[in-house]
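In: build the 3D model from these lines:
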Amino acid sequence: MTRVDEVVAELAALEDPKARAVNERHGDPHGVNLTKLRAVAKAIGTDPDLARELWTCGDVAAQLVALLIVKPKAFTEGELDTMLRTTRSDKAHDWLLNYVVKKSPHAAALRTRWFDDPDPRVRAAGWALTTHAVTTADLDRDALLDTIAREMRDAEPKLQWAMNETLATIGIEDASRRERAIAIGEDLQVLADYPVSKGCTSPFAPIWIAEIVRRREG
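Out: Residues are numbered from 1 along each chain as shown. This next block holds a predicted model:
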């Protein structure tokens, strides 16, 4: 039995129907409790080579473990592009961006590479990196707002969410464009009815922008 087989078998033994039901509602078709999954990864430690094998084995939980045992700098731009296009769950998509790509020296190149990709999930990754970069890189914020105003309403849900994050970030961080960002949000009404738990801020851009600005200004 290979090391990959051992890890996959360990994850299979942790399969919980209740966890699967919850995970599948959120776009993650596996049944392993994330606390237990993280414990498996912690026991393995950092192992980029094993991470590569786990990623390609076809098991959703194994992909998540892979993302917890990687070294971001160990992967080439091409490898990260392939990994994104072969994510098997929404969480793997998000973890890949947050745990690996954003910490990679290839983040800027991948943002450009993915930004106009025809695959909406890949393009969503480009927008997620844009949100990350919009306050530090020399990006054309007016052009971004133009694109959001034109395309966000009809975008695929994951892409729409990522574009909305960029819209809110521009509105929060750029006082000179805040009024326009709020106006775009009001016009599009994207996520205006999104259910929010008590004490949490709505992702509806006008509310999100106003609340974070209020907190910062005291």
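
In: now do the helices in this protein.
Out: 3-13, 17-25, 34-44, 48-56, 60-68, 77-85, 90-95, 107-115, 120-133, 141-151, 157-173, 175-188, 205-217 (DSSP state H).

In: show me what the fifth one is packed against.
Out: Pointing back at helix 60-68 there. Identification of packing neighbours for helix 60-68 by 3 or more CB pairs under 8 Å, 6 or more residues apart in numbering; DSSP states H and E yields helix 3-13, helix 34-44, helix 48-56, helix 90-95. Every residue, glycine included, has its C-beta placed from N, CA and C.

In: which residues sit against the last one?
Out: Contact partners of helix 90-95, identified using CB atoms under 8 Å, 6 or more residues apart in numbering, comprise 23, 26-28, 60, 63-64, 67-68, 84, 87, 121, 124-125, 158.

In: from these, pick the one nearest residue 2.
Out: Distance to residue 2, by CB to CB, is smallest for residue 63 among the contacts of helix 90-95, at 16.7 Å.

In: what about the closest residue to the closest one other than its chain neighbours, distance to residue 61?
Out: Once flanking residues are discounted, residue 63 sits nearest to residue 92: 4.6 Å by CB to CB, 6 or more residues apart in numbering. Distance of residue 92 to residue 61, computed by CB to CB, to the nearest Å: 10 Å.

In: neighbour count: these two, which is higher?
Out: Comparing residue 92 with residue 61 by neighbour count (other CB atoms under 10 Å), the higher total belongs to residue 61, at 28 against 24.
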